[in-house]
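Colleague: sharing a model that was predicted from the sequence below.
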Amino acid sequence: MVEFHRPRDGISLVAVKPLADCKLYTFVDTPYLHGRAPEVVAQQLCDGGSDLIQLRAKNSSPDEIRALAEKILPVTHRAGVGLVINDHLDIARDIGADFCHLGQEDFFDAGHILVSELKQPGSPLKIGLSTHAPAQAQRALDAGADYIAIGPVYATGTKPTAKPVTLEYVKWAAMHATVPWFAIGGINTETIDAILAAGAKRVCIVSAILNAPDITQACTAFRYRLDQ
């Protein structure tokens with residue numbers, strides 16, 4: 001099924017890939033911007049072949065995150081790339097983002113049981129959930145998550161205190177996950193082959209792209225590997 005962005009502020013309707021066809025999930029993560037404009041980085045990610053781009057700004061206020069999102073949204077929508085807002089469901093709803101991503105603490109620890117509780121009638125907004133073990137993944141699947149993240153597969157500077165889940169969890173997801181899932185955590189040019197061999201078809205990549213000398217070129221290289 002082809003999905004479409006809602007028209008907003010004069011932005012033309014652009015077809016968005018179904019989640020099942022999305023492979024490369026990238027980030028505009030504020031600690032990795034190093035003074036670069038978020039909308040410029042978003043454009044480079046789009047040009048490199050990203051299917052989804054998450055705005056993650058853990059140390060920013062809601063007003064700052066909203067302002068960042070409003071700069072990025074026209075870029076992603078022109079490119080037909082899904083915009084994911086991390087943590088802030090209200091902002092995702094208000095600006096017309098395509099997805100909201102929530103952690104275990106933001107969803108289950110907040111007392112939610114079903115993803116449908118957070119969805120407004122008629123809204124196309126989809127919700128993804130982080131998972132760090134098979135039991136969490138099964139719980140997220142039972143909750144009706146539109147997609148799940150599996151990780152961190154390897155140790156990562158993005159979340160230095162998180163314990164790696166290893167390739168065994170990737171293999172479990174390949175056998176049991178019933179919605180699109182994305183491996184995340186420590187994925188780079190040296191680790192991606194092992195992750196794909198374990199059964200992953202979709203990956204989230206942060207620092208290996210945002211720290212690259214050429215963001216677009218780095219995206220393109222990962223995209224090529226995923227398409228093989």
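Modeller: Structure's in. What do you need?

Colleague: Ile187: helix or strand, and which one exactly?
Modeller: Ile187 belongs to no helix or strand when assigned by DSSP states H and E.

Colleague: one more: Cys100?
Modeller: Assignment of secondary structure by DSSP H and E places Cys100 within strand 99-102.

Colleague: residues in contact with that strand?
Modeller: When contacts are taken as C-beta atoms under 8 Å, 6 or more residues apart in numbering, the neighbours of strand 99-102 outside the stretch itself are 52, 54, 82-89, 92-93, 118, 125-130, 146, 149. All C-beta spots, glycine's among them, are computed from the backbone N, C-alpha and C.

Colleague: can you flag the buried ones in the residues you listed?
Modeller: Among these, those buried by neighbour count (16 or more other C-beta atoms under 10 Å) are 52, 54, 82-89, 92-93, 118, 125-130, 146, 149.

Colleague: picking up where we left off before, can I get the CA coordinates of the strand holding Cys100 in CSV?
Modeller: Extracted as CSV, the C-alpha positions of strand 99-102 are listed here (Å, rounded to 0.1, in the frame of the first residue of the first chain):
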residue,chain,number,x,y,z
PHE,A,99,6.1,8.4,13.0
CYS,A,100,6.8,8.7,16.7
HIS,A,101,9.4,6.5,18.4
LEU,A,102,9.1,5.6,22.1
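
Colleague: in this structure, what helix or strand scores lowest on average pLDDT?
Modeller: When the helices and strands of the chain are scored by mean pLDDT, DSSP states H and E, strand 3-4 comes last with a mean of 48.

Colleague: can you name the next helix or strand after the helix or strand in which Gln138 is found?
Modeller: Remark: Gln138 resides in helix 134-143, with elements defined by DSSP H and E. Proceeding N to C from helix 134-143, the next assigned helix or strand is strand 147-150, under DSSP H and E.

Colleague: mind giving me the packing neighbours of the helix or strand that that following strand is followed by?
Modeller: Beyond strand 147-150 on the C-terminal side, the first helix or strand identified by DSSP H and E is helix 166-176. Using 3 or more C-beta pairs under 8 Å, 6 or more residues apart in numbering; DSSP states H and E as the contact criterion, the neighbours of helix 166-176 among helices and strands are helix 134-143, strand 147-150, strand 181-184, helix 192-197.

Colleague: what's the angle between the helix holding Gln138 and helix 166-176?
Modeller: Angle of helix 134-143 versus helix 166-176, following axes from the mean of the first three to the mean of the last three C-alpha atoms, to 10 degrees, is 30 degrees.

Colleague: top helix in the chain by residue count?
Modeller: When every helix of the chain is counted residue by residue (DSSP state H), the longest turns out to be helix 62-79.

Colleague: pull out the buried positions in it.
Modeller: Applying a neighbour-count criterion of 16+ other C-beta under 10 Å, one finds 65-66, 68-77, 79 buried in helix 62-79.

Colleague: which one of those residues sits closest to His112?
Modeller: Lowest distance from His112 to the buried residues of helix 62-79 (C-beta to C-beta) belongs to Ile65, with 20.8 Å.

Colleague: ok, the closest one - contacts?
Modeller: Leu55, Ala57, Ile85, His88, Ile91.
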